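[1] show me how the following folds:
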Amino acid sequence: QVQLVESGGGLVQAGNSLRLSCAASGRAFSSLNMGWFRQAPGNEREFVAAISATGSFTRYVDSVKGRFAISRDNAKNTVYLQMNSLKPEDTAAYYCAGRTVSFFSGTSDPSKYPYWGQGTQVTVSS
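    Numbering: from 1, shown residues only. Below is the predicted model of the structure:
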């Protein structure tokens, strides 16, 4: 089993930055491909970014490319999402997710991730 706990959300003004963290415990973190998703009220859960187990490969949804960066520190069992130039449309609950596969596809399908955190709220004011 894997337990994931997000932190770092909050209320910020547009143009500012936040860094989300997701701490993992349980199964070996370094074997997990990790992803960040978000969900705004009334919307489906949306893929944001993914990173391979070693951190060598990443993938982003087009709307955050150039503004967000996913990274990980396997020594600290933590994955990060650095969010810069935030926009009001980035407002959502952000979730980290994990999956154990032998390859990296950066899949955007949330059903492919069996492990989920409880989420952290990000609110961007205009």
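
[2] chain neighbours aside, what residue packs nearest to Lys112?
    Once flanking residues are discounted, Lys112 sits nearest to Arg99: 5.9 Å by Cβ to Cβ, 6 or more residues apart in numbering. In this view, the C-beta of every residue, glycine as well, is placed from N, C-alpha and C.

[3] so that neighbour sits against Ser111, correct?
    No: when contacts are counted by Cβ atoms under 8 Å, Arg99 is not listed as touching Ser111 (10.2 Å).

[4] of the two, who's got more company?
    Per other Cβ atoms under 10 Å, whichever of Arg99 and Ser111 has more neighbours is Arg99, with 18 against 7.

[5] mind listing what that one touches?
    Leu32, Asn33, Gly35, Thr107, Lys112, Tyr113, Pro114, Tyr115 (Cβ atoms under 8 Å, 6 or more residues apart in numbering).

[6] pLDDT at it, what is it?
    At Arg99, the model reports a pLDDT of 94.

[7] now it: phi and psi?
    phi -150, psi 150 (degrees, to the nearest 10).
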